[in-house]
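S.K.: Just a sequence and a predicted model for now, questions to come.
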Amino acid sequence: MPVARRCCAYVSARAGASRSLTLTRLPRGPGAVQCKIGPALSSVANRSTRVVREAVDEPTSMIDLVFGVRGNRMPADYRFALWNVLRSTLPWVEQEAATGIVGIRLTQTGEASALLARRAKLTLRVPSNRVAAAQRIEGMRIDFGSDSIEITFAYSRALVPASTIYAQLVVLGTEDETAFGQALAEELAHQAVAAQHILGRRKSLRAGPRELVGYPVVLHGCSGEQSLRVQQLGLGAERGLGCGIFVPHKKIGGIE
């Protein structure tokens, strides 16, 4: 049975304030040693707000690792705090540029916190040779201020080719829709992907003091090889936070 661990990701009430994180391993028994991680993560919050495209080489075959999640509520904007937890617990994620948070399905309430479904899942995209290492977060409890979740069992899921794939946010360093479309075409050409694209409404994601701005993207008319290539590599920057991670999409209509 996995060893329980406890992580606390506290969010300052000040607008735009950086988030501090403390990682504490729950005692297994007498003599257990407490491990705390705090200031070392401040470098993430203090990075320049300028968006830099990530150069991602062809990775080891990527897969989705799906974890069970227990809890009632968590922050609606959870990605930055959760990524900090993963960086401290699994330091190798920073060496794997295509690794990131695919997401957790939440029910938005219009408030700062959102509701977790009874069978909520956390999905991470990781290299296939890192599956065992990533399973270290099984049994971990993560506190987001007054809300907390527990990460439970995991199973792997292979990436599946699909003619239509979707990313909920792609960040390419520009807010202008025309310039974004041009930058996206260049990225696709670089990956030798001949597909049509549809942009959703401009969106933003808070990452500590930074605000990442981009667009949801649908790619359609992909060949099987092209579909898997984009799912393996992603597009744009900030993969760890889930930006530029594509998944199969059943329909084009209804994209926000």
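M.R.: Looks like it came in fine.
S.K.: got the end-to-end distance for stretch 72-91?
M.R.: 28 Å (C-alpha to C-alpha, to the nearest Å).
S.K.: Which helix or which strand is home to the residue nearest the centre of the chain?
M.R.: Nearest to the geometric centre of the chain sits I101, at 2.2 Å (C-alpha atoms, centre = their mean). Using DSSP states H and E, the element containing I101 is strand 100-104.
S.K.: same question for the helix or strand that I149 is a member of, mean pLDDT?
M.R.: Assigned by DSSP H and E, I149 belongs to strand 147-158. Averaging the model's pLDDT scores along strand 147-158 yields 94.
S.K.: Can you tell me what sits against the following helix or strand past it?
M.R.: Going down the chain from strand 147-158, the next helix or strand is strand 164-170, by DSSP H and E. Applying C-beta atoms under 8 Å, 6 or more residues apart in numbering, the contact partners of strand 164-170 are 103, 184, 203, 205, 212, 214-222, 227, 230-231, 234-236, 242-252, 255. Where C-beta positions appear, they are placed from N, C-alpha and C, glycine not excepted.
S.K.: and if you look at stretch 73-82?
M.R.: For stretch 73-82, the surrounding residues in contact (C-beta under 8 Å, 6+ apart) are 9, 11, 19, 21, 101, 104, 106, 108-109, 111-116, 142, 144-145, 147-149, 205-208, 241-242.
S.K.: end to end, how far does it reach?
M.R.: Start-to-end span of stretch 73-82 (C-alpha to C-alpha) is 14 Å.
S.K.: Give me the buried positions along that stretch.
M.R.: Judged by neighbour count (16 or more other C-beta atoms under 10 Å), stretch 73-82 contains these buried residues: 73-75, 78-82.
S.K.: re the thing from before, of the contacts of strand 164-170, just the buried ones, PyMOL syntax please.
M.R.: Only the buried entries of the contacts of strand 164-170 go into this PyMOL selection, using 16+ other C-beta under 10 Å:
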select buried, resi 103+184+205+212+214+215+216+217+218+219+222+227+230+231+234+235+236+242+243+244+245+246+247+249
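S.K.: coming back round to it: what is the orientation angle of the strand holding I149 with strand 100-104?
M.R.: If you take axes from the mean of the first three to the mean of the last three C-alpha atoms, to 10 degrees, strand 147-158 sits at 110 degrees to strand 100-104.
S.K.: circling back: show the buried residues in the contacts of stretch 73-82.
M.R.: Here, 16+ other C-beta under 10 Å leaves 9, 11, 19, 21, 101, 104, 106, 113-114, 116, 142, 144-145, 147-149, 205-208, 241-242 buried among the contacts of stretch 73-82.
S.K.: Those residues in strands, which ones?
M.R.: Under the assignment DSSP state E, those contribute 9, 21, 101, 104, 106, 113-114, 116, 142, 144, 147-149, 205-207 to strands.
S.K.: On the pLDDT front, check the spatially closest residue to L235 that is not a sequence neighbour for me.
M.R.: Once flanking residues are discounted, L235 sits nearest to G244: 4.3 Å by C-beta to C-beta, 6 or more residues apart in numbering. On the pLDDT scale, G244 is placed at 98.
S.K.: how near is G244 to E211?
M.R.: 17 Å (C-beta to C-beta, to the nearest Å).
S.K.: again with V171
M.R.: Going from V171 to E211 by C-beta to C-beta gives 11 Å.
S.K.: hang on, the residue nearest to L235 packs against G236?
M.R.: Yes - counting by C-beta atoms under 8 Å, G244 does reach G236; the two are 4.1 Å apart.
S.K.: got any residues that touch both of the two?
M.R.: Residues touching both G244 and G236 by C-beta under 8 Å, 6+ apart: 170-171.
S.K.: Worst mean pLDDT across the helices and strands of the protein, which element?
M.R.: helix 42-45 (a mean of 36; mean pLDDT, DSSP states H and E).
S.K.: packing partners for the very next helix or strand once past it?
M.R.: Where DSSP H and E defines the elements, the next helix or strand beyond helix 42-45 is strand 62-71. Packing partners of strand 62-71 (3 or more C-beta pairs under 8 Å, 6 or more residues apart in numbering; DSSP states H and E): strand 121-127, helix 131-134, strand 147-158.
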